[in-house]
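Asker: Task: produce atomic coordinates for the following.
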Amino acid sequence: MASEASSDPTPDCAPVPSDIPHQHGPDAKGHGFFALALGSVGIVFGDIGTSPLYAFKEALHAAAHDGVTRSEIYGVVSLALWALILVVTIKYVIFIMKADNKGEGGVLSLMALAQHAMGKRTMLVFALGVAGAALFYGDALITPAMSVLSAVEGLRTIPALENSVNNQVVLLIATVMLLGLFFIQSRGTASVGKLFGPVCAVWFGVMFLLGAVNLAQNPGVLMAISPHYAVGFLAEHGLTGFIVLGAVFLTVTGVEALTADMGHFGRWPIQAAWLFFVLPCLTMNYLGQGAFALTTLNAAEAAGQPMPELNWFFEMAPAVFRLPLVLLAGAATVIASQAVITGAFSLTQQAIQLGLLPRLDVRRTSETQSGQIFVPQLNTMLLFGVLAIMFTFQTSSALAHAYGLAVTGTMIVTTCMAFIVMRRLWKWSLPQALCFLVPFLTLDVVFLTANALRFFSGGWLPVLIGAVLFLIMATWVRGSQILTAKTRRDSVPLADLMEILRARAPHRAPGTAIFLTSDPDMTPVALMHNLKHNKVLHERNVILTVRTGDTPRIADDDRVKIEKVNDDFKKVVITYGFMESPNLPKALAVCRKQGLKFDIMATSFFLGRRSIVPSANSGMPLWQDRLYIFLMRNAANPTDFFKIPPGRVVELGAQVTV
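Answerer: Next comes the predicted model:
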């Protein structure tokens, strides 16, 4: 995809050679396997690792409308365990993680890989990718509120505090934690990030210990490992079973992080951490919560009382240990929230590079870690969005109803795009690919249906967020296409300009002029204005185009392509991966190796600045025109985005209708 350094966005995707070597990832960093696996425990599994705080509680509550029975406890535990096995282990760890894009994962990375496999941008793949990205933002807004609230609510399980900690106190503490979390984003998380892995390793270890202690008191719950309890529960409970299944889905929220963070840790460390550490700890904890629920049920029946509704995770710990457990849970939920926020920053950077969003200010917070970025505008929007959601729903139980739809929607997108990759890139036969698609798409649709039953009690929220984001992305892409087509119609082919200049040479100015454009075959708007109004042409002229490839990163040797037009003009194409931030001065320095020598501080950069006005005949409704214009006006300054020295930029503008 090319992007013009005016306010213009992105045109079509440019083909990038598939043999470009991967220059980023675990091997390139030189980290040890164990260090990468430990790091992934904090970043990759932070979200799914805090699910035991609320998943079992919400699922058992959904099943308890007419009282809880032993078979229902077995059924809920069995559903939780098999969700972890089928969705996370088999689907994601074994299949989806193999569909990496030069070591990178995530929904937009998979979209780029699918487009590369198709050989072109198709509407189906584009729509799937945009929908998946839009739904991820819904998850990014809900996860911090849900996780932090569920941890702070644990204070109510401490006997000395249960009467003094009301809902207002919980909201106040959660607000302070979230404000602190979002305010530190601008400073980067490189220093505190070193604690994420060890803290979460302790968290998982404590979960395993709590589960093991309670399992030892009631080992009969081990029978729930048999899938027939899960199947029997669904068959026996009908609509209630589906409602419970929607709550059970909370056990696998955060599963998309397995693929989204592959570029930081590598596939094998993430897979090893899941199979040999995270999965056993989660399994033991859910078994322990089930055992504690059975013990509580036995005690209630013996006393002739109904089964109480408890916060099972915290109350299965001895009272003396609950305060330290709440503090540890708070740290784990902050880490889980940090991982989602970082994922939103990374996804936004990809979306900008792929032309799905307008340019935003993307700042690097680390000179050594490429994944350490900060997007101020997005951070502010996430903060206000998270706080608004938290004060609207007020409790983790109410918010649980909003949690599943965004994740299930993204999972369906991932399944469909993985099928395209298997067929087109891996060359699987149709029966082979269907063996993957049919069972897992069926599973996704079942979970989607179960979560859809909670639509009016909160499920509407991620759907609304996703729809708004989808509309913004679709408007930006469509408006960009209209603007690019209009610009091309109104422009003079570069070959024709060469003939005009040969017949009537303008005054020549010393030095080099660089004209940025999205279409190297057409004369840049800034060049035409310079000739028309200033009646001058520099001694050396560079037509510069910035493209985004469909791979995460581009090797330095493939970064710059130079084509000589004549003695006065050269075309330069600079290609970036969709995980990279453009830095034109640094890229232009590579030109010296290819014989294009100039002093960047004695070079003028000419940018085309367009003033956009709406038109009733643009191809979009008038309200969408106005939305596109709003997005363009709020896009980051191209001088800052492309890291061009501010004193070397000349902007020449024109009015254009869309």
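Asker: buried residues in stretch 352-363?
Answerer: Neighbour-count burial for stretch 352-363, with 16 or more other Cβ atoms under 10 Å as criterion, is recorded at 352-360, 362-363. C-betas here are computed from N, CA, C, even on glycine.
Asker: Now do the strands in this protein.
Answerer: Under the criterion DSSP state E, strands of the chain are mapped to 2-3, 363-364, 373-374, 507-516, 536-548, 560-564, 569-576, 603-613, 649-657.
Asker: and Gln115, which of these is closest to it?
Answerer: Of all the strands of the chain, it is strand 536-548 that lies closest to Gln115, at 11.7 Å by Cβ to Cβ.
Asker: Now the closest one: average pLDDT?
Answerer: In this model, strand 536-548 has a mean pLDDT of 89.
Asker: Give the partner strands of it in its sheet and their orientations.
Answerer: strand 2-3 (antiparallel), strand 507-516 (parallel), strand 569-576 (parallel) (DSSP bridges).
Asker: which residues does the residue nearest to Met528 when sequence neighbours are not counted contact?
Answerer: Of all residues not flanking Met528 in the chain, Val492 sits nearest, at 6.7 Å (Cβ to Cβ, 6 or more residues apart in numbering). Each residue near Val492 by Cβ atoms under 8 Å, 6 or more residues apart in numbering is listed here: 500, 522-523, 528.
Asker: circling back to that earlier point, could you dump the buried residues of stretch 352-363 into TSV with distance to His237 and pLDDT added?
Answerer: Conversion of the buried residues of stretch 352-363 to TSV gives the following (distance: Cβ to Cβ, whole Å; pLDDT from 0 to 100):
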residue	distance to His237	pLDDT
Ile352	46	89
Gln353	47	86
Leu354	44	86
Gly355	47	87
Leu356	42	90
Leu357	43	90
Pro358	48	91
Arg359	51	88
Leu360	47	88
Val362	48	84
Arg363	51	82
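Asker: Helices - which of those land there?
Answerer: Counting by DSSP state H, the part of these found in helices is 352-353.
Asker: Dump the buried residues of stretch 352-363 to JSON lines, plus distance to Met207.
Answerer: As requested, these are exported to JSON lines (distance: Cβ to Cβ, whole Å):
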{"residue": "Ile352", "distance to Met207": "38"}
{"residue": "Gln353", "distance to Met207": "38"}
{"residue": "Leu354", "distance to Met207": "38"}
{"residue": "Gly355", "distance to Met207": "42"}
{"residue": "Leu356", "distance to Met207": "38"}
{"residue": "Leu357", "distance to Met207": "37"}
{"residue": "Pro358", "distance to Met207": "42"}
{"residue": "Arg359", "distance to Met207": "42"}
{"residue": "Leu360", "distance to Met207": "37"}
{"residue": "Val362", "distance to Met207": "36"}
{"residue": "Arg363", "distance to Met207": "36"}
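Asker: for the buried residues of stretch 352-363, which one is nearest Val176?
Answerer: Val176 has its nearest neighbour among the buried residues of stretch 352-363 in Arg363, at 25.2 Å by Cβ to Cβ.
Asker: Quick check: closest non-adjacent residue to that closest one.
Answerer: The shortest distance from Arg363 to any non-neighbouring residue, by Cβ to Cβ, 6+ apart, is to Phe374 (4.7 Å).
Asker: now do Ile420
Answerer: Using Cβ to Cβ, 6+ apart and skipping the chain neighbours, the partner closest in space to Ile420 is Ala114 (4.5 Å).
Asker: Need the per-residue pLDDT for that neighbour.
Answerer: You'll see Ala114 listed with a pLDDT of 85.
Asker: Now do it against Glu315, distance only.
Answerer: Taking Cβ to Cβ, to the nearest Å as the measure, Ala114 falls 46 Å from Glu315.
Asker: Show me which of those two is the more surrounded one.
Answerer: Taking other Cβ atoms under 10 Å, Ala114 and Glu315 do not tie; Ala114 has more neighbours (28 against 18).
Asker: Relative to Gly254, how far out is the more buried one?
Answerer: Shown here: Ala114 relative to Gly254, a distance of 23 Å by Cβ to Cβ.
Asker: Val413 contacts Leu135, correct?
Answerer: Yes. Under the criterion of Cβ atoms under 8 Å, Val413 makes contact with Leu135 at 7.5 Å.
Asker: Could you list the low-confidence segments of the protein?
Answerer: Within the chain, the ranges that satisfy pLDDT under 70 run 1-31, 189-192, 366-371, 616, 618, 653-658.
Asker: neighbours around the nearest residue to Ala55 once chain neighbours are set aside, how many?
Answerer: Of all residues not flanking Ala55 in the chain, Leu250 sits nearest, at 3.9 Å (Cβ to Cβ, 6+ apart). Other residues near Leu250 come to 26 when the count uses other Cβ under 10 Å.
Asker: who are the neighbours in contact with Leu250?
Answerer: By Cβ under 8 Å, 6+ apart, the contact list for Leu250 reads 51, 54-55, 58-59, 400, 403-404.
Asker: Are any of the residues you listed buried, and if so which?
Answerer: The neighbour-count criterion (16+ other Cβ under 10 Å) marks 51, 54-55, 58-59, 400, 403-404 among the contacts of Leu250 as buried.
Asker: What distance do you get for the closest residue in space to Leu179 that isn't next to it in sequence to Ile389?
Answerer: In this structure, Leu179 finds its nearest non-sequential neighbour in Leu383, 7.5 Å apart by Cβ to Cβ, 6+ apart. When Cβ to Cβ is the yardstick, Leu383 and Ile389 sit 11 Å from each other.
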